[in-house]
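# Let me see the structure of the following:
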Amino acid sequence: MPPPSADERLRRLLALVPWVAAHDGPTVEEVCERFGMTEAELVEDLELLFLCGLHPYTPDMLIEADITGGRVWIRYAEYFARPLRLTPAEGLALVAAGRSLLAGPGADPSGPLARGLDKLGRVLGIRGDEAVDVDPGSAPEAMLTSLRTAVDDRRAVELDYYSFGRDEWTRRVVEPSSAFSAAGQWYVSAFCRTVDDERLFRVDRIRSATVLDERFEPSRTPAELAVFTPRGDDPRVELELKPAARWVVEQYPVENVKERRGGRLRVRLAVSEQAWLERLLLRLGKDAKVVKGDAALATAAADRVLARYGQTPAVASNPS
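Sure thing, here's the model as predicted:
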């Protein structure tokens with residue numbers, strides 16, 4: 001069994017802390033059984049809590065955790081006893097994120113987190129599970145449960161999946177190796193039989209997932225895929241961005257960044273699908289210009305977008 005990823009470990013810890021604190025010293029065996037971990041992993045997770053706190057990191061700002069007499073104790077920092085004042089937007093974001101956390105393994109659906117979210121939701125006028133629908137990083141619990149079951153049982157899954165890059169729905173059979181959350185989204189890492197390669201699938205783009213009776217034996221070590229992994233033969237383009245478009249380097253994996261005069265940036269990106277580039281250019285508008293790269297791809301993408309508005313192409317006539 002491979003060790004949990006950093007993201008999986010963080011989600012486990014976020015669920016573990018309120019559960020242990022609410023149960024007033026549960027035994028080590030109880031904690032390990034509930035969260036599917038060994039005692040050594042529990043000790044490592046608790047050691048991380050000693051580093052969690054707020055400036056200036058004095059004792060009243062740190063979380064205390066220890067194992068005494070075979071029982072686990074977690075005491076919140078005094079900071080958490082102070083009243084918290086939230087704006088409506090902050091409260092909504094907190095409810096949405098909390099609902100997503102409750103969908104994770106080991107979370108207590110009737111514990112203090114769930115009760116706190118329910119109270120906050122009532123203040124905000126949210127009934128039941130309405131908050132789940134406003135969180136783009138959440139996923140239907142039934143879908144996640146089915147996918148996790150397929151991972152554990154090594155059963156193939158047939159997906160009805162929306163390919164964002166190609167802007168089309170496809171049906172494919174995959175061999176899932178893990179389901180995880182990253183960057184606010186849920187993903188399934190799987191070997192896709194359609195393309196005969198490892199792929200990542202965003203759960204919110206899966207319309208249906210049918211767990212098949214067919215079982216599979218992994219014939220390869222699952223690849224460690226990033227949320228986006230460009231292929232070596234993907235076209236590359238360079239964009240010149242105005243200061244208002246500098247957010248691109250924070251939201252997309254860029255391969256090179258150069259500072260230009262006037263706060264402009266020159267960035268190099270891999271483009272796996274033309275439709276993705278078209279959407280990016282549409283979003284950027286006049287704040288970006290394609291200055292170098294695959295001329296046919298860039299020209300076609302820019303012309304298709306700008307033709308809708310009767311503007312001239314955004315591709316530089318003399319790339320540099």
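# quick one: the strands in the stretch 151-300 of the chain?
155-163, 168-182, 185-192, 197-202, 206-215, 236-241, 254-259, 265-270, 288-293 (DSSP state E, counting those that start in this stretch).
# and L117, which of these is closest to it?
L117 lies closest, by C-beta to C-beta, to one member of the strands of the stretch 151-300 of the chain: strand 168-182, at 17.5 Å. From N, CA and C alone the C-beta is placed, and that goes for glycine too.
# where does the stretch 101-250 of the chain have low pLDDT?
101, 103-107, 126-141, 164-167, 181-185, 219-233, 250 (pLDDT under 70).
# ok, now with 90
The stretch 101-250 of the chain contains residues with pLDDT under 90 at 101-149, 151-152, 161-170, 177-192, 194-208, 217-250.
# which residues does the nearest residue to L212 once chain neighbours are set aside contact?
Nearest residue to L212 in three dimensions, chain neighbours excluded: A156, at 4.6 Å (C-beta to C-beta, 6 or more residues apart in numbering). By C-beta atoms under 8 Å, 6 or more residues apart in numbering, the residues touching A156 are 150, 173-175, 211-212, 214-216.
# that older thread, could the strands of the stretch 151-300 of the chain go into JSON lines alongside distance to H23?
JSON lines is the format used below for those (distance: least, C-beta to C-beta, whole Å):
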{"stretch": "strand 155-163", "distance to H23": "34"}
{"stretch": "strand 168-182", "distance to H23": "25"}
{"stretch": "strand 185-192", "distance to H23": "28"}
{"stretch": "strand 197-202", "distance to H23": "35"}
{"stretch": "strand 206-215", "distance to H23": "33"}
{"stretch": "strand 236-241", "distance to H23": "51"}
{"stretch": "strand 254-259", "distance to H23": "46"}
{"stretch": "strand 265-270", "distance to H23": "48"}
{"stretch": "strand 288-293", "distance to H23": "53"}
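# Please pick the buried ones from the contacts of A156.
Among the contacts of A156, the ones that count as buried by 16 or more other C-beta atoms under 10 Å are 150, 173-175, 216.
# V31: which of these is nearest?
A150 (27.1 Å).
# Show me how this protein divides into domains.
Per automatic domain parsing, the domain ranges recorded for the chain read 6-129, 141-215, 236-309.
# okay but T170 is in contact with S163, surely?
Yes - if you go by C-beta atoms under 8 Å, T170 and S163 touch, sitting 5.8 Å apart.
# Contact partners for the nearest residue to G263 once chain neighbours are set aside?
Among residues not flanking G263 along the chain, P243 sits closest, at 3.9 Å (C-beta to C-beta, 6+ apart). Contact analysis of P243 by C-beta under 8 Å, 6+ apart lists 262-264.
# which residues are contacting stretch 36-43?
If you take C-beta under 8 Å, 6+ apart as the criterion, stretch 36-43 is touched by 12, 28, 31-32, 35, 45, 67, 72, 105-106.
# run the last query once more with 6 Å
Here stretch 36-43 makes contact (C-beta atoms under 6 Å, 6 or more residues apart in numbering) with 28, 32.
# Okay, buried residues for it please.
Under the neighbour-count criterion of 16+ other C-beta under 10 Å, stretch 36-43 has 37, 41-42 buried.
# ok, the residues you listed vs A93, which is closest?
Among the buried residues of stretch 36-43, M37 lies closest to A93 (C-beta to C-beta), at 29.1 Å.
# Are we agreed that that closest one is in a helix?
No - counting by DSSP: H, G, I helix; E, B strand; the rest coil, M37 is not found in a helix; it is coil.
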